[in-house]
Structure formats: C-alpha cells, structure tokens
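Peer 1: show me the folded form of this:
(one chain, ligands or ions: 2)
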Amino acid sequence: MPVSIIGTRGCGKSTLVGFLHQSMEKYTMRDPEKFAYYMDRDTTDVCLNKIRNRLHSGSFPKATARGDFQALSFLLSFEATKKDFVKHIGKEGLKALKNALNYENKLVFTVFDVAGEDIEEFGSRKSVTKKLKEIFDSNIMVILIDCSKLTEDIKSEKGRDMRRYDAEMSKILSRYEEYRARKYPDQELHPIVFFTKMDMLDPEIVDILPNYGIKDLLDPQKEYEEERVREDGEKLLKTYLSGIYQNFLGSKVVNVDIHKAMYFFSWAGVEGESGVKPADEKLGVKWMEIEGEKGSEQVQSNIYPYKHYQEFLSHLGDLSKDYSDPDEKIEEYLKRDQRKKL
Ligand SMILES: Nc1nc2c(ncn2[C@@H]2O[C@H](COP(=O)(O)OP(=O)(O)OP(=O)(O)O)[C@@H](O)[C@H]2O)c(=O)[nH]1
Ligand SMILES: [Mg+2]
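Peer 2: Ligands and ions are numbered 1, 2, ... in the order given. A predicted model of the protein is given here:
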C-alpha cells in the first residue's frame, strides 16, 4: 500500500477527504483518459453519505467515530490505457476490477488517524502496531498540518499547544524514519505536507509568508507554482514547527529529502457579504455549481482550492510511475467488496 495520509484528531482529515473526493470527480470528468478512481463500499459510505451530505448542506463533517478511518481508502489509477472509463462506485465490484486493471500506475491510498500516544503503544498493542506498520510500510506518506495550531504568541496557552503538537508529530515522524531506515534502507522518500485550515492562519503569520495569499489560492487564473508554494511551506515549518522541520532535515541520512518536499494548502470557503471568505464553525462551507470544462457537465462542489488538490493528485500520478501497486494488491483491494457481498 504505497500512500498513507496521516493527521491527528480534528486536524481536518474528513474535510480534506471530502474535497479530495470532489476533486477526483472533477479530474475524471475533465481528463478521463488520465485519471480514474475507485472507492470500496466502506469508503463510499463514509465519503458520500457522511462527509458529502454534511459539506453539501454547508456544515463541516461530524467528528469521525474511531472505526471510520480504518475504512477510508481509495484506489487511484493514472494514465489510463483504455477509453472505456466508468466511474466506479461501490457495488459494481467486478466490472470495476476489470476496468481498474486496465489502467497503468495504480495506487491504493488510505487515510489514518494518528496520535503521539500511538507511538508509545507501537509493539505492545496489536491494533496500533498493525495500523502503524501499515503507515510505515507506505512509500509515500502525506502529513496533514493543522494551521489553526500555529501562533506567534509562544508564551500563551495556544503556544504551548503548538509546541505539544510539534513534538507529537515529530515523534511520529522519527519513528517512521527509524522504521524505514531499518526495513527499507535504500528507498528514497519525498515528503508531502498538506496544510489544512489555511484560512485560520493568524494574519501576523500570513504577513511573514513570502508568497501566500488566500485570494491566490482560489483564483482559477493563478497556477499552482511549486517553488512559491514550497517557499511558503518551508517557512511555516521552519518558523513554527521546527521539530518537524529539523526531523526532516536530520533524516536526509535515511533518504528523506526535505528540499524535494511538496506542499499543498487547503481551506474551506464561504460566501460572505464581501465575496468569498474563510469558513467558520457557524457559517460552515458554501456549496456551489461549477461548470465542467469538457462538455456541459455541471459539477457541484464546495469552495476550496481545487488546483492544490488537482496538483496533489497529479503529483501522486508522477510518483505512481515508481511506486505503482502490483496487480495482486489491487485485486485484494477490490475483493474486499466481493467478500462483503457474500
Ligand atoms: N475554518 C476552517 N475550519 C476547518 C477547515 N477544515 C476543518 N475545519 C474545522 O475543524 C474541525 C475538524 O475538521 P474535520 O475535517 O472533521 O477533521 P478530522 O481530522 O476529520 O476530525 P476527527 O474526525 O474528529 O478526528 C471542523 O469541524 C471545522 O470546525 C477549514 O478548511 N477551515
Ligand atoms: Mg473526521
């Protein structure tokens, strides 16, 4: 299983998955020959019924029940070799199996809920060990960073929380690197960092970023510029989460190269009196119609920085050339649906 997305509780995983799902829909509609995805039934249930309904009605997803995250995994396939693309949803298991295997460069990707205390239980509690091994065995790990945790005021309560958060994430990362160094000493890793809740960044913090602008994120005319985004991402880590940053720097010895890290930003938008503005708990997220580029399809979607999600997906597409899952893994994934039907 090559891709894991990890984040601590409440860091914005469900919202991100909801937007990612909307992005996958858009991407397949715009470029069906390049990209296809499949969700097993459990993921479909969480994504469509739980997350989508909430986002659609303008609210954030409900806090996820413990078991839900175990269920969240997608099959992504890039560089389709056949045109007979079908949008695979749940029950069409066998048909999907056939179709998915027609695509090159397939990745299974799973979303995990992790906490610093899991690390303490690594090796002693079976369920935690299994989960962490799955994460650590992934070739590509995507780390979610919650921007609402960042603050200039390091002496305040929030400052203490930020340092705790930094320490917690660093602990997880160093365990990951230790494990990789032991088990896969020759594999190079390129970190991916997805910042969530960018709209909750303190304005003082926004000021120190060389390139960042909330409006830029949403402006469809503005391209995703890898170098500029990286500059911002590095600056945020270096300044506020130096534990995580140092961890990456130090881990060059185990083939993790921070300077090749990719960064992506996410935030949920609502429409206020003066145009689009950041969401908050009460206002929730805005749902809108966006016209598909090809044909006359209408895609319904929330306001969020689609281009960052689309770039994220196409980056996974690039990585899938090196880390594609073997067909047995794909069949195993698809069979989960078959088993449940019996
Ligand atoms: N302003 C803002 N708030 C957000 C955003 N994403 C998430 N939130 C807030 O953060 C809370 C948690 O977000 P979720 O997406 O549920 O996070 P999670 O990691 O799935 O949380 P658990 O399932 O409880 O672990 C939401 O209820 C929102 O209040 C965002 O982009 N902007
Ligand atoms: Mg959740």
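Peer 1: how confident was the prediction at the closest residue to residue 179 other than its chain neighbours?
Peer 2: Take residue 179 and drop its neighbours on the chain: the residue closest to it by CB to CB, 6 or more residues apart in numbering is residue 136, 4.3 Å away. Bear in mind the C-beta positions are built from the backbone N, C-alpha and C, glycine included. Residue 136 carries a pLDDT score of 89 in this model.
Peer 1: which residues does residue 136 contact?
Peer 2: 175, 176, 179, 180, 183 (CB atoms under 8 Å, 6 or more residues apart in numbering).
Peer 1: same question for residue 109.
Peer 2: Here residue 109 is in contact with 1, 2, 3, 4, 5, 73, 74, 75, 76, 316 (CB under 8 Å, 6+ apart).
Peer 1: list the pairing partners of the helix or strand containing it within its sheet, with orientation.
Peer 2: According to DSSP states H and E, residue 109 maps onto strand 106-113. Taking DSSP bridges as the criterion, strand 106-113 forms sheet pairs with strand 3-7 (parallel), strand 73-78 (antiparallel).
Peer 1: redo these as JSON lines? Include distance to residue 154, mean pLDDT and mean neighbour count.
Peer 2: Compiled in JSON lines, the strands paired with strand 106-113 are given as follows (distance: least, CB to CB, whole Å; pLDDT from 0 to 100; neighbours: other CB atoms under 10 Å):
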{"stretch": "strand 3-7", "distance to residue 154": "23", "mean pLDDT": "89", "mean neighbour count": "24"}
{"stretch": "strand 73-78", "distance to residue 154": "37", "mean pLDDT": "81", "mean neighbour count": "23"}
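Peer 1: what's the closest of the ones you listed to residue 303?
Peer 2: Residue 303 lies closest to strand 3-7 among those, at 21.5 Å (CB to CB).
Peer 1: now residue 63, what's its secondary structure?
Peer 2: coil (DSSP: H, G, I helix; E, B strand; the rest coil).
Peer 1: tally up the residues packed near it, please.
Peer 2: Neighbour count of residue 63, defined by other CB atoms under 10 Å: 9.
Peer 1: how about it, nearest residue that isn't a chain neighbour?
Peer 2: Residue 63 sits nearest to residue 10 (CB to CB, 6+ apart), 7.2 Å away.
Peer 1: tell me the secondary structure at the one you found.
Peer 2: coil.
Peer 1: quick one: it from residue 113, how far?
Peer 2: The gap separating residue 10 from residue 113 is 10 Å, by CB to CB, to the nearest Å.
Peer 1: repeat for residue 30
Peer 2: In terms of CB to CB, residue 30 sits 31 Å off from residue 113.
Peer 1: swap in residue 240?
Peer 2: 23 Å.
Peer 1: show me which of those two is the more surrounded one.
Peer 2: When residue 240 and residue 113 are compared for neighbours, residue 240 comes out ahead with 26 against 20, by other CB under 10 Å.
Peer 1: ok, that one touching residue 205?
Peer 2: Yes: in this structure, residue 240 is within contact of residue 205 by CB atoms under 8 Å, at 7.4 Å.
Peer 1: mind listing the shared neighbours of the two?
Peer 2: Contacts common to residue 240 and residue 205, judged by CB under 8 Å, 6+ apart, are 150, 151.
Peer 1: next to ligand 2, which bits of the chain? Give me the list.
Peer 2: 13, 14, 64 (CB under 5 Å from the ion).
Peer 1: follow-up on the earlier one: wait, isn't the residue nearest to residue 63 in contact with residue 146?
Peer 2: Yes: between residue 10 and residue 146 there is a contact at 7.4 Å, judged by CB under 8 Å.
Peer 1: of the two, which one has the most company?
Peer 2: residue 146 (20 against 14).
Peer 1: excluding sequence neighbours, find me the nearest residue to the more buried one.
Peer 2: Per CB to CB, 6+ apart, closest to residue 146 is residue 11, 3.9 Å.
Peer 1: residue 312 now?
Peer 2: In space, residue 312 is closest to residue 264, 4.8 Å off (CB to CB, 6+ apart).
Peer 1: part of a helix, is the one you found?
Peer 2: No: counting by three-state DSSP, residue 264 falls outside a helix, being strand.
Peer 1: before I go, just wanted to say thanks for your time.
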